[in-house]
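# pasting the sequence and the predicted model now:
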Amino acid sequence: MSGRDPDPVRLVAWVHGQVQGVGFRWWTRSRALELGLVGYAANKTDGRVHVVAEGPRQACLQLVDLLRGGGGPGTVELVVDSWEPARGDLSGFRER
């Protein structure tokens, strides 16, 4: 984490819908990197994508808005998000 943001946060989002096998994790990674976030997007066996991102609160809010916005690949039906203090244990943004 950089010292520029006094209030980094951790976004944990569960993305429901047709979001596997359509490039959704790659798209999420691209948006997160554009926003300067670190974290990952991982496929889960139940068909959801688990997104964890850390960085400035405003950038994380933008990411969750993008996840909900329907502009990415696949079909997002629901995004369930929760917020925590940043842990600082992530680097880069990976697809898992």
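Sure thing, it's come through.
# all strands for the protein, in order.
Here the chain has its strands, by DSSP state E, at 8-18, 38-43, 49-56, 75-85, 93-95.
# got a pLDDT number for the residue nearest in space to the middle of the chain?
Closest to where the C-alpha atoms of the chain average out (CA atoms, centre = their mean) is V51, at 4.1 Å. You'll see V51 listed with a pLDDT of 98.
# next: the one 10 residues further on.
Reported pLDDT at L61 in the predicted model: 97.
# just give the number of residues close to it.
Close neighbours of L61, defined as other CB atoms under 10 Å, add up to 15. To be clear about C-beta, it is placed using only N, CA and C from the backbone, and glycine gets the same treatment.
# quick one: it from Y40, how far?
Per CB to CB, to the nearest Å, L61 is found 19 Å from Y40.
# low-confidence ranges, the protein, go.
1-6 (pLDDT under 70).
# rerun at 90
Where the chain drops to pLDDT under 90, the residues are 1-7, 70-71.
# what's around L33, how many residues?
When neighbours are defined as other CB under 10 Å, L33 has 12 of them.
# and the spatially closest residue to it that is not a sequence neighbour, what is it in contact with?
Leaving aside its sequence neighbours, L33 sits nearest to F93 (CB to CB, 6 or more residues apart in numbering; 5.4 Å). F93 makes contact with R29, A32, L33, L37, V38, G39, Y40, A41, A53 under the criterion CB atoms under 8 Å, 6 or more residues apart in numbering.
# re the thing from before, distance to F24 added to the strands of the chain, as JSON lines?
Listed next are the strands of the chain as JSON lines, based on distance: least, CB to CB, whole Å:
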{"stretch": "strand 8-18", "distance to F24": "7"}
{"stretch": "strand 38-43", "distance to F24": "7"}
{"stretch": "strand 49-56", "distance to F24": "6"}
{"stretch": "strand 75-85", "distance to F24": "8"}
{"stretch": "strand 93-95", "distance to F24": "10"}
